[in-house]
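Student: coordinates only, no sequence provided:
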């Protein structure tokens, strides 16, 4: 995919074949930009499961089109049962992600409202598009609502550091990738950063590597680099020291599921950054569209399911093997020599970082209790991380009850 | 080095040539066990700088022998000046490590007390051996003093879970490698674990990977595996969730420098685990020999120098490239095919995990404030993480003042 081609949405319908979409294969980023076509339901399920597509909002949008694909490929007879089965299969791929379940539920409601097979398929197409449009629109709005937070810090810095004549950048730390790649456009956590940068506010981003899958190193650094936004990659371990030293002004992360009272399931490690932010008096914001809110769960620490993944993601690290054996250490010099001997070319490869046979635990998310969250940035504005805060912006949440939805 | 050969000390004098020592090249672990001989001062400096040897206690012991090597290789004329210059060069290699400075100071004091060149060299040999012996002895004593902490938890678990007939293991989380490889023998953080395991107390260790250099994945997992101690490798991000879910009973880490009031400089990321332990009411202990205490620094957060290292440690990850392209993902399948094409053999290599040209920040340590530390485990017993606690065990610390030592 050309650089220019990417600047639009991260999911596009194939011309003349709307149940087929074109996405970037995120497993190959940042080293290769390869497009994937998702055609039938199995393609959609596999792409979400193997994380060719990932990120709260994007997997919701992909699931919306996956439901469409199921509607298109299933025969008229038993159509509704086939669509319901597709929904169950899609939801099962990533248990923590609320946007995924939300998109499937929205499709099911729209399809249920139609009686004819043709009507159901038309409803599925309209809904798939509406979900993607909603997601893209949320990115823009979250950016605008988060902007004042960055503007306020920038104003404070300009006042304090103006004597030296050079404005000091607003230092923002983010974890994982809650960027354009995780959404249909603009992202959630990155949206306010993009908005500020485009308006000329100096920003600098500390990008958490985000082990075990390194979405920060591979995806967020790639997104920021393409937009020319200053940033440094850091180990996930580094954020605490940076905050101790006053090198972080603001933390913004995304979310995979937010409970009614404001507990946040997000990529594993988020909770540790929230603790450090609290300990150092640094604002910690979570950016999310309302489709990420799970009105049916109160206590997120206890009740949000946490996905467990393959041990190999922890025992091995994937990246680009360079034929010059870059790394700058004596070991790299050894590797360089071995490399020449083997006549290896630059390619994507996995290296094992532990003894053979080492067992690993791989939990994909943790839960940041609402008390550690300074506030939410949503498509309708910012609010406190509490039931009152969320209901103030989204009064329709009052209608949801465990009985009503499940 | 044979497996049996390693079970002794991590630093051994070469027979008949005591100023030359044999160590394991830790950069190649866990994939290759290669011994290095350190002969002249330059070998010692280079081994510490490039982290062939690392770990608070071990670099102290290596520095002790490095001073001996300087005394042996320098001519009689100007001997003392040469030894002092060697001390400065050794201390400069790793600015945060207190044991290193302590070993050099101890050598300088011993050598200064002698007037003849022969006397100075004899003093250097005796002191090098004394430093290594002290370090090994501390490992044993720290193990014994830390044991009751594990025994108490084990007793509580046996009482609670005894009905099912199978004792539940004491769950211990550790960060980085403060094991035998970081010391002359037994380690600091691992010493109580080894003591408990050898006495039949069921233990299970959560091993933090410890990016960017992965000492947990490469070294701690290797040490625990050789001893048969049950463990799982986890991403540095995972500890918070494990604590939230009650899957950690105790955290034990080592230290690179501890201030007079008990602030702890240790591998970057330690502070984040201390915050999570506090938030979940889990005991957080720091194990250290007294040589790690810096009596001259009060406020560790403000005054302990934090080493910054090469960006390539963050942008690249080193490990074993396996010819079967293990990893279990579709990308690995791609890599496997590419791998066959390139006829690569299993070898140590670096992979880049971010876009080319990405800048990185690489701080090696953070500071855990004393308030977050449940207690210290030292060679003289356990104590509170406070000036009173430390002086209770080490009253000689009263003699040290900024003026007196520097």
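Tutor: Arrived safely. Nothing here was measured: the structure is a model prediction, and the numbers come from that model. Numbering: from 1, shown residues only, chains lettered A, B, ... in the order given.

Student: when you work out contacts or count neighbours from here on, use the C-alpha atoms and nothing else.
Tutor: OK.

Student: give the full set of residues in contact with the closest residue to residue A:294 other than its chain neighbours.
Tutor: If the residues on either side of it in the chain are set aside, residue A:294 comes closest to residue A:259, at 5.1 Å by Cα to Cα, 6 or more residues apart in numbering or on different chains. For residue A:259, the contacting residues are A:293, A:294, A:295, A:296, A:297, A:298, A:299, A:300, A:304, by Cα atoms under 8 Å, 6 or more residues apart in numbering or on different chains.

Student: just the closest of these to residue A:156, please.
Tutor: Sorting the contacts of residue A:259 by how near they are to residue A:156, with Cα to Cα, puts residue A:293 at the top with 32.6 Å.

Student: OK, contacts around the closest one?
Tutor: When the contact criterion is Cα under 8 Å, 6+ apart, the partners of residue A:293 are A:98, A:257, A:258, A:259, A:260.

Student: which ones among those lie within strands?
Tutor: Restricting the contacts of residue A:293 to those inside strands, with DSSP state E as the criterion, leaves A:257, A:258, A:259.

Student: got CSV for the residues you listed, with pLDDT too?
Tutor: Supplementary listing: these in CSV, determined by pLDDT from 0 to 100:
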residue, pLDDT
A:257, 97
A:258, 98
A:259, 98
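
Student: before we move on, the earlier item: let's have the contacts of residue A:259 in CSV, adding distance to residue A:374.
Tutor: Listed next are those as CSV, based on distance: Cα to Cα, whole Å:
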residue, distance to residue A:374
A:293, 17
A:294, 19
A:295, 20
A:296, 22
A:297, 20
A:298, 18
A:299, 18
A:300, 17
A:304, 21
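
Student: among those, which pair sits farthest apart?
Tutor: Greatest spatial distance in the contacts of residue A:259: A:293 and A:299, 12.6 Å, computed using Cα to Cα.

Student: give me the three-state assignment for residue A:232.
Tutor: Put simply, residue A:232 is strand when judged by DSSP: H, G, I helix; E, B strand; the rest coil.

Student: which pLDDT value belongs to it?
Tutor: Note on residue A:232: pLDDT of 98.

Student: in the stretch 251-400 of chain A, which spans are strands?
Tutor: When assigned using DSSP state E, counting those that start in this stretch, the strands of the stretch 251-400 of chain A occupy the ranges A:257-259, A:264-267, A:284-287, A:293-294, A:316-321, A:347-352, A:365-368, A:375-378, A:381-383.

Student: direction included, what does the last one pair against?
Tutor: Based on DSSP bridges, the strands next to strand A:381-383 in the sheet, each with its direction, are strand A:375-378 (antiparallel).

Student: just the residues contacting the partner strand, thanks.
Tutor: Contacts of strand A:375-378 from elsewhere in the structure, counted by Cα under 8 Å, 6+ apart, are A:138, A:141-142, A:145-146, A:284-290, A:382-385.

Student: out of those, which one sits closest to chain B?
Tutor: Set against chain B, the nearest of the contacts of strand A:375-378 by Cα to the nearest Cα is residue A:284 (15.3 Å).

Student: how much space separates the closest one from residue A:373?
Tutor: Taken as Cα to Cα, to the nearest Å, the spacing of residue A:284 relative to residue A:373 amounts to 6 Å.

Student: quick check: neighbours shared by these two?
Tutor: Each of residue A:274 lies in contact with both residue A:284 and residue A:373 under the rule Cα under 8 Å, 6+ apart.

Student: what residues does the stretch 1-150 of chain A put near chain B?
Tutor: Counting by Cα under 8 Å from any Cα of the partner chain, the residues of the stretch 1-150 of chain A lying close to chain B are A:27, A:28, A:30, A:31, A:50.

Student: buried ones among these?
Tutor: A residue is treated as buried here by neighbour count (16 or more other Cα atoms under 10 Å in any protein chain shown); on that basis the buried members of these are A:27, A:28, A:30, A:31.

Student: quick check: the third one touching residue B:352?
Tutor: Just to be clear, that refers to residue A:30. No - counting by Cα atoms under 8 Å, residue B:352 is not a contact partner of residue A:30; they are 9.9 Å apart.

Student: thinking again about what came up before, so can I have a markdown table of the strands of the stretch 251-400 of chain A showing distance to residue A:151?
Tutor: What follows is these, written out as a markdown table (distance: least, Cα to Cα, whole Å):
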| stretch | distance to residue A:151 |
| --- | --- |
| strand A:257-259 | 26 |
| strand A:264-267 | 25 |
| strand A:284-287 | 15 |
| strand A:293-294 | 27 |
| strand A:316-321 | 36 |
| strand A:347-352 | 40 |
| strand A:365-368 | 26 |
| strand A:375-378 | 15 |
| strand A:381-383 | 15 |
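
Student: so is residue A:80 in a helix, a strand, or just coil?
Tutor: With three-state DSSP as the basis, the three-state label of residue A:80 is helix.

Student: packing partners of the longest helix along chain A?
Tutor: With DSSP state H setting the assignment, residue counts place helix A:117-161 as the longest helix in chain A. Contact partners of helix A:117-161 among helices and strands, from 3 or more Cα pairs under 8 Å, 6 or more residues apart in numbering or on different chains; DSSP states H and E: helix A:56-73, helix A:98-112, strand A:170-174, helix A:190-198, strand A:375-378, strand A:381-383.

Student: now these as CSV including mean neighbour count?
Tutor: Supplementary listing: the helices and strands packed on helix A:117-161 in CSV, determined by neighbours: other Cα atoms under 10 Å in any protein chain shown:
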stretch, mean neighbour count
helix A:56-73, 30
helix A:98-112, 23
strand A:170-174, 24
helix A:190-198, 24
strand A:375-378, 27
strand A:381-383, 18
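
Student: what's the closest of the ones you listed to residue A:268?
Tutor: strand A:170-174 (12.7 Å).

Student: where's the nearest residue to residue A:303 once chain neighbours are set aside relative to residue B:387, distance?
Tutor: The spatial neighbour of residue A:303 that comes closest, neighbours along the chain excluded (Cα to Cα, 6+ apart), is residue A:297 at 6.6 Å. With distances defined as Cα to Cα, the gap from residue A:297 to residue B:387 amounts to 46 Å.

Student: for residue A:89, same thing?
Tutor: With distances taken as Cα to Cα, residue A:89 is found 59 Å from residue B:387.

Student: so the two - more neighbours on which side?
Tutor: Each of residue A:89 and residue B:387 has its neighbours counted (other Cα atoms under 10 Å in any protein chain shown); residue B:387 has more, 20 against 14.

Student: what is the neighbour count of the nearest residue to the more buried one once chain neighbours are set aside?
Tutor: Using Cα to Cα, 6+ apart and skipping residues adjacent in sequence, the residue nearest residue B:387 is residue B:261, 4.3 Å away. The tally of other residues near residue B:261 (other Cα under 10 Å) stands at 24.

Student: phi, psi of the residue lying closest to residue A:314 once chain neighbours are set aside?
Tutor: Once flanking residues are discounted, residue A:314 sits nearest to residue A:212: 5.4 Å by Cα to Cα, 6+ apart. Note on residue A:212: backbone dihedrals following degrees, to the nearest 10 are phi -90, psi -20.
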